[in-house]
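Student: mind folding the following:
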Amino acid sequence: MKANDLRSKGVSELQNELKELLRAQFSLRMQVATQQTNKTHELRNVRRDIARVHTVMHESKLKAGN
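Tutor: Sure thing, here's the model as predicted:
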């Protein structure tokens, strides 16, 4: 997922994307904790995607404020 793709989305779409990413993060954490998966790199990617969504949401909030 790229930040440019996220910037084209609306606020409600970003919030939905964030909810899905948080669910995916929780699921991956549980899989890693119970040793059901060895794809720990996916957890890192999801965490970074969450940060991207937060960043784009913050940018849009700042842009709306000015």
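Student: just want the most central residue of this protein.
Tutor: Ile50 (2.4 Å; CA atoms, centre = their mean).
Student: and that one, which helix or strand is it part of?
Tutor: helix 40-65 (DSSP states H and E).
Student: who does that helix touch, helix- and strand-wise?
Tutor: Packed against helix 40-65 by the contact rule (3 or more CB pairs under 8 Å, 6 or more residues apart in numbering; DSSP states H and E) you find helix 3-7, helix 11-33. For every residue, glycine as well, the C-beta is placed using N, CA and C.
Student: I'd like the ones you listed laid out as TSV, including mean pLDDT.
Tutor: Shown next, in TSV, are these (pLDDT from 0 to 100):
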stretch	mean pLDDT
helix 3-7	87
helix 11-33	95
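Student: tell me which of the ones you listed is the most buried.
Tutor: Of all those, helix 11-33 has the most neighbours on average by mean count of other CB atoms under 10 Å, namely a mean of 14.
Student: with that, I have no additional questions.
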